[in-house]
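**Q** Coordinates for the following, if possible.
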Amino acid sequence: MGVVTVSAPYGANKITLETGRLARQADGAVLVTQGDTVVLVTVCGSKSARPGVDFLPLTVEYVEKQYAAGKIPGGYFKREGRLANWEILTSRLIDRPNRPQFPKHWRKEIQIIATVMSTDNENDPGILAMVGASAAVSISDIPFDGPTAGCRVAKIGGQFVINPSLKALKDAELELVVAGTADAVCMVEGEASEASEATIIDAILAAHEAIKGIIALQRDLVQKAGKPKQDAAPPPVDAVLYNRVIDVALDNMADALAIRDKKARRDAVSKASKQAIAELLASDPSLAGREGEINEHLHDLQSDIVRTQVVEEGIRLDGRRLEEIRPISCEVSVLPRTHGSSLFTRGETQALATVTLGTRRDEQRIDNLQGDVFVRFMLHYNFPPFCTGEVKMLRGQSRREIGHGNLAHRGVECLMPSQDDFNYTVRVVSEVLESNGSSSMATVCSASMALMDAGVPFLKPVAGIAMGLIQEDDKIAVLSDILGDEDHLGDMDFKVVGTKDGITALQMDIKVHGLDRSILEKALRQARNGRLHILKEMSKAISAPRADLSLHAPRIFTLTVKPDKIRDVIGPGGKTIRGIIEQCGVQIDVDDTGKVSIAAKDGESAQKAMDLIKGLTQEPEVGKVYQGIVRKIMEFGAFVEILPGTDGLVHISELADQRVNRVEDIVAEGDEIYVKCIGVDRQGKIRLSRREALQSVGQA
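**A** Below you'll find the predicted structure:
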C-alpha cells in the first residue's frame, strides 16, 4: 500500500490524515497535521489474549516531545521522562470515548501511542491526537465500533468557535472538549464562567455537529487504506447455565442488594455469589473450571436487578428516590495548625480539604511545549486505598487521581481572586477518607469551604454533584448523587460543578447511544437542584470567607517601586536584599515591573522591611524637608545624604541666613541637620538649603 492522504476543514484550519509513510509495522499508524502541528498516532494489538485477563486491556499514552517546540528538556538527563500530568490528562481524553467502542469481551492487549512531533502553539495537539487515535484503530485489523472524533468548542465574544487557537482560548467564557461517534456524544470535559445549562447543551450539540465531518473523513481513509477486521464474535452464551444461575442465586442476590450499607451489601453480594457457585458445582461437578463464566452471569444478574428496580419502581440501591441527595454533614476548622480546613461528608463519601498559603517562591513552575508557566493555585486529590476498605500499594498518584483532581481544580479555580487582590500562592489538598460515589465532587465542596475558612477572598461558594442515567428501552431514569455501584451499573456518569449562578466545570461519560437534548436538559436541571441543595447545607458551616487569615498563615505586604530602582533594592550580587531579609526576618520577592512582595510572620517585621525598601527607592521631592547626614565638606558647600545612597549639595550660601565664610563654621562631617530640597536639575543633581529648612521647622 502506498501513502494515502485525506483532508477536510476543521475549525479555522484544514486537518490532514496520512497513513502508509511512517511507522508501517504498527497495526495502524496515522500522521495528523493541522497548521504546523504534527502528531503521529499508532496502535498495536497482541495476537493472543493474556491468560487470566477479565477486562479490556487497553492502554493509551500521549507523549509530547520537547523537540516539537524546538526545546531541549531541562533537568540532568536532558531527555523526556515519565508522563507529565497534562500528558496523562490528554491520554484520558483519548481513552474515554474510544474504550466503549471496542468489544466488551476483547481480551487481546491494545496499545495506542500519540507522539507530538511538531507544534505551532496555535493548533492543539491533544485534539489531533484524539482524531488520530480513532483513525489509527479504524484502519487497523482491531475490531472497533467507530470512528470517533473530538473537538474543542469555546464561547468567545458570544459565539461558539470550533477548535480556536490556543491564544484565542484566553478570552473564552466557556471551553469544552467533546467527543463522540456520528450518532452520539460519548464524552464531555471542560470549564466555564458560571454558564447556564442551556449554554452548555448548545455548546455540546454544536461540537457534535462539527465532529461529524471528521468522522466522515476517517471513513474515507478506511475505504482507501483500511485492513480487514479480526473476528470479534462474542463467545456463545450458555442459556441453560444462565437460567440455572438465576434459579439458584436470584432470591439471595435480591436480598443482598436490598441492604442499604455499602460494606454490608458488598459482603452479602460476595457471600451470595460464593454460595451460588458452591451449590451449582455440588449439583453438577462438570461445571468445575467454569467459575469465571458463572461469575459473569452473576454480575449480569446484579445489573438486571438494580436497573429494573430503578426504572420500574424508582427505588435505588440505598433506598433513595431518584432526585434525593444523601445526608450531608459539613465542618470547618477541623485541624488546628493548617491555614484552613474542612470536612465534607455526603452519605458514605467523605473528603477532608486543607489550604496552605505561600509566597511567590511556592509557585509551581511547569515547563511544557508552550514555554514556562507559573501556577499560583494548586489542588491535589488523594484517594488512598483505605477509603474503600482495600489493601493496595502506595505508588504515587494514579491516572484516576490526576483526572479527578483536575476536574475539581477546574471547577474551583475560576472563583479564585486575582493576584492583585490576593498575592498568595494557594495549595488545596483533598484527602478522600471514605468513598461511595463521586469523591471528586466532595472534593469541590470541601475545597470551597476550606478556602473560605482560610480567609481567602473566594468569590462564591461552589459545589459539585454526580448524576447518573439508567435507560431500559423507552424507560429512562436520571439519578442524582449516584453511588459507586450506580456508576458501575449505569449508563452515564455526569459530574457538574457550579455556583448558585451557573456551571464552572463538568465531565460526562456516556455508555448509551442517542442521548438527546431532552435527556441532557433533565440531567442538568436535576443537577442544578441538587447543587443548590448542597450549597445550602454547606452554608450552615460557612457561607463567606473569614475576615482575617489564619494566625499561622504568612502575611504578605506589597509595595511598588520604579523599575529603574529595582537594582537599588537588590544591590550588588543581591547583597542589599539579603541584608534586609536577614535584618527583618522576612521573605522578599521583586518582579520586573517593580512590584515588591514581603512575606512576614507579623506586621512589625514587614513594616520594618518596607521602610528600608522605601528608603532605598525614595526620590527627593522639591519643597520637602529632610533630616540628613553631612557626608562631605567642600569649600563651596556640604554634601548631605537625605536618603540612603542619595546626596544633595547645600551651597555655602544656603547654610544660614547670615554670610558664611567657612563651611566648617556651620557644619561638620557626620552632623545630622535639617535640609530642604529646593531643586533637582536635568542631570539629577539635588540642590538643598539648610537656611530654608530651619525656617520651615521654626529654628531660624
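**Q** Which parts of the stretch 351-500 of the chain are strands?
**A** Applying DSSP state E, counting those that start in this stretch to the stretch 351-500 of the chain gives strands spanning 364-368, 371-375, 377-382, 425-434, 463-472, 475-480, 492-498.
**Q** Of the ones you listed, which is nearest residue 594?
**A** strand 371-375 (18.1 Å; CB to CB). Backbone N, C-alpha and C define where each C-beta goes, glycine included.
**Q** How about residue 666: what's its closest non-neighbour residue?
**A** Nearest in space to residue 666, with sequence neighbours left out and distances taken as CB to CB, 6 or more residues apart in numbering, is residue 655 at 4.6 Å.
**Q** do the same with residue 135
**A** residue 30 (4.3 Å).
**Q** Which residue ranges of the stretch 301-450 of the chain form helices?
**A** In chain order, the stretch 301-450 of the chain shows helices spanning 399-413, 439-453, with DSSP state H, counting those that start in this stretch as the criterion.
**Q** Flag every buried residue along the longest helix anywhere in the chain.
**A** For the chain, the helix with the greatest residue count under DSSP state H is helix 197-225. Neighbour counts over helix 197-225 (16 or more other CB atoms under 10 Å) mark 197, 199-200, 202-208, 210-211, 214-215, 217-219, 221-222, 225 as buried.
**Q** What of stretch 446-458?
**A** By neighbour count with 16+ other CB under 10 Å, stretch 446-458 contains the buried residues 446, 447, 448, 449, 450, 451, 452, 453, 454, 455, 456, 458.
**Q** The residue nearest to residue 135 sits in which helix or strand?
**A** Here residue 30 is covered by strand 28-34, with elements defined by DSSP states H and E.
**Q** Does anything pack onto that strand? Which helices or strands?
**A** strand 13-19, strand 37-45, helix 125-139 (3 or more CB pairs under 8 Å, 6 or more residues apart in numbering; DSSP states H and E).
**Q** contacting residues around the most centrally placed residue in the chain?
**A** In the chain, the residue lying closest to the centroid (CA atoms, centre = their mean) is residue 406, at 3.2 Å. By CB atoms under 8 Å, 6 or more residues apart in numbering, residue 406 lies in contact with 85, 89.
**Q** In terms of pLDDT, where does it sit?
**A** The per-residue pLDDT reported for residue 406 equals 95.
**Q** How much space separates it from residue 191?
**A** 10 Å (CB to CB, to the nearest Å).
**Q** Over to residue 167?
**A** The spacing between residue 167 and residue 191, counted by CB to CB, is 18 Å.
**Q** ok, those two, which is more surrounded?
**A** residue 191 (22 against 10; other CB atoms under 10 Å).
**Q** and the residue lying closest to residue 378 once chain neighbours are set aside, how many residues sit next to it?
**A** Among residues not flanking residue 378 along the chain, residue 427 sits closest, at 4.6 Å (CB to CB, 6+ apart). Burial measure for residue 427: 19 neighbouring residues, criterion other CB under 10 Å.
**Q** ok so, going back, nearest to residue 177 among the buried residues of stretch 446-458?
**A** For the buried residues of stretch 446-458, the residue nearest residue 177 by CB to CB is residue 447; the value is 22.7 Å.
**Q** Correct me if wrong: that closest one contacts residue 380.
**A** No. The criterion here is CB atoms under 8 Å, and residue 447 misses it with residue 380 at 10.3 Å.
**Q** what residues do those two have in common as contacts?
**A** In contact with both residue 447 and residue 380: 428, 430, using CB under 8 Å, 6+ apart.
**Q** Could you give me the buried positions within the one helix or strand residue 647 maps to?
**A** Applying DSSP H and E as the criterion places residue 647 in strand 646-651. Residues 646, 647, 648, 649, 650, 651 are the ones in strand 646-651 that count as buried (16+ other CB under 10 Å).
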